[in-house]
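# Take a look and give me a structure for this.
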Amino acid sequence: MAKRKQKNVELERQLKQRRMIFKVVSIAVAAAIVLAVGIGIWTVQDRRWVLRYDGGRVASSDFRAVLDVFYNGNPAAREVALEDTKQVIAIRDRVLAHNVDFTPEERASAEARAESFRMDGIMNNGFDTLHYITDARLAELFFTDVLIERLIDIYVPTYNVDEEEFAAELEEFLAENYFEHMNMMVQFLILEDREEIEEAYALVGTMDFEALIRQFIEGLDEDAPLDPVNVAQLANMFEFSQDDRDHLFALMPGEYSRIVEWSEDGDSMYFIFQMVSREEPDMDEIIANFREGFTDERRQVAFADIMVQWIEEANFTINRRGYNAA
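Predicted structure coming up:
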C-alpha cells in the first residue's frame with residue numbers, strides 16, 4: 001500500500017514536471033513567433049525608407065520615382081539619383097516651412113501634369129512604370145516650378161549685377177543672336193529638284209516673285225495670298241548652316257538669295273528667298289530682357305548653393321535596407 005502511494009506521488013510529480021516543461025516550451029515558441037512577426041513587420045517597414053535625416057525620413061518610393069523620372073530607372077544612376085532625392089526633399093521641406101505650398105489651383109494643375117506624364121509613360125512602355133507613387137506625390141516632387149520661384153524670391157530676392165561681366169555677355173549674345181530679334185520677312189520658293197530650282201532661279205528678277213512661285217508650285221489657289229514668313233524662324237526650323245544664315249540675314253528688302261540647299265538623310269530641298277521687309281529690333285527691349293535673364297540665372301545659381309547647405313545641415317543618412325530594396 002505504501003509503495004503504491006509512493007508510486008502515485010512520483011507519477012503526479014512527473015506529470016507536473018511535464019506540464020511545466022510544456023508550458024515553458026509553449027511560452028518560448030509563442031515568444032519566438034511574436035519576435036519573428038515583429039522582425040518581419042519591422043523589416044517591411046524599414047524597407048519603406050531610403051534616407052533618414054534631422055527632419056524625418058524619405059520614402060523609398062520617392063527615391064525610386066527620382067530614379068525612374070530623371071534616369072529611366074538606370075541602375076548605374078542610383079547614387080546620383082540619391083543625391084537628387086536629397087535635393088527634392090530639401091525643397092519640399094522648405095516649401096512647407098515657409099508656407100508657400102501650392103494653391104488649390106496650382107495643385108490641380110500640377111497633378112494634371114503628373115497624370116499626363118504618367119499616361120505618356122504608359123503609352124511609351126505599355127504599362128505604368130510609376131504605379132508605386134500617386135499623382136499627388138509626383139506633383140509635389142517634380143512639378144514645382146512655381147514653388148522654387150517662391151523660394152528663390154525668399155532666399156535670393158536681389159542680385160547685384162557686375163556691369164563689366166554683363167556688358168561682356170551682352171556683346172557675345174548680340175553677336176550670336178541679334179538677327180534672331182529682327183523682323184525679317186521673306187517670300188520663298190522651295191523645290192526638290194535641282195534642275196528645276198536652277199530653271200526657276202534663271203527667271204528671278206524677270207517677273208514678279210509671287211508669280212514665279214505660283215508657276216513652279218502646282219495646286220496653289222490663285223486667289224490665296226502668299227503671306228511672308230520670318231526668315232530667322234525658317235532658318236531655325238530647317239537648321240541652315242551658319243554660312244547660309246549669314247547670307248540670308250544680310251539681304252535687303254527686294255533682294256534675292258542664292259540657291260540655298262538643305263539636306264537630311266540623303267534627301268535635299270532647294271530654296272530661293274526674296275527679302276520682303278526687315279525691321280531693326282528694339283535694342284532697349286533686348287537689353288532689358290537680357291538683363292532680366294542674366295540676373296535670374298545668377299539668382300538660380302546662388303539658390304543652388306543654398307540648397308547644398310540645406311542638404312549638409314539635414315544630416316542625411318542612408319538606410320541601406322531601404323536603398324537596396326528600392
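
# in what helix or strand does residue 186 lie?
strand 183-191 (DSSP states H and E).

# Which elements pack onto the very next helix or strand once past that strand?
Counting by DSSP H and E, the element after strand 183-191 in chain order, helix or strand, is helix 194-201. Under the contact definition 3 or more C-beta pairs under 8 Å, 6 or more residues apart in numbering; DSSP states H and E, helix 194-201 sits against strand 183-191, helix 209-216, strand 267-279. Bear in mind the C-beta positions are built from the backbone N, C-alpha and C, glycine included.

# Compute the inter-axis angle for the strand holding residue 186 and strand 267-279.
Interaxial angle of strand 183-191 relative to strand 267-279 (axes from the mean of the first three to the mean of the last three C-alpha atoms, to 10 degrees): 150 degrees.

# Within its sheet, name the partner strands of strand 183-191 and how each one runs.
strand 229-230 (antiparallel), strand 267-279 (antiparallel) (DSSP bridges).

# Would you mind giving the domain segments of the chain?
61-159, 183-279 (automatic domain parsing).

# Quick one: neighbours of residue 167, just the number.
For residue 167, the neighbour count with other C-beta atoms under 10 Å is 11.

# In a helix, it, correct?
Yes: residue state for residue 167 (DSSP: H, G, I helix; E, B strand; the rest coil) corresponds to a helix.

# any idea how far residue 83 is from it?
36 Å (C-beta to C-beta, to the nearest Å).

# so who does the residue nearest in space to the middle of the chain touch?
By C-alpha atoms, centre = their mean, the chain has its centre lying nearest to residue 70, at 7.0 Å. Residue 70 makes contact with 77, 81, 84 under the criterion C-beta atoms under 8 Å, 6 or more residues apart in numbering.

# Restrict those residues to the buried ones and give me that as a PyMOL selection.
Those of the contacts of residue 70 that count as buried under 16 or more other C-beta atoms under 10 Å are selected in PyMOL with:
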select buried, resi 81+84
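
# out of the contacts of residue 70, who's nearest residue 262?
residue 77 (37.3 Å; C-beta to C-beta).

# Give me the phi and psi for the residue nearest to the centre of the chain.
phi -80, psi -30 (degrees, to the nearest 10).

# and if you look at residue 266?
phi 90, psi -10.

# neighbours around it, how many?
Count around residue 266 with other C-beta under 10 Å applied: 5.

# Retrieve the pLDDT associated with it.
Residue 266 is assigned 80 on the pLDDT scale.

# Ok, residue 64 next?
Residue 64 is given a pLDDT of 95.

# returning to that earlier point: mind checking which of the helices and strands packed on helix 194-201 is nearest residue 303?
Closest to residue 303 of the helices and strands packed on helix 194-201 is strand 183-191 (C-beta to C-beta; 35.5 Å).

# quick check: angle from the closest one to helix 194-201?
Strand 183-191 runs at 130 degrees relative to helix 194-201, counting by the same axes, to 10 degrees.

# All the helices of the protein, residue numbers only.
Counting by DSSP state H, the chain has helices at residues 2-46, 60-71, 78-97, 104-125, 135-142, 145-155, 163-177, 194-201, 209-216, 231-238, 242-249, 283-314, 320-325.

# Export these to CSV and append columns for distance to residue 187.
Listed next are the helices of the chain as CSV, based on distance: least, C-beta to C-beta, whole Å:
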stretch, distance to residue 187
helix 2-46, 70
helix 60-71, 45
helix 78-97, 49
helix 104-125, 39
helix 135-142, 45
helix 145-155, 40
helix 163-177, 24
helix 194-201, 13
helix 209-216, 6
helix 231-238, 10
helix 242-249, 13
helix 283-314, 27
helix 320-325, 62
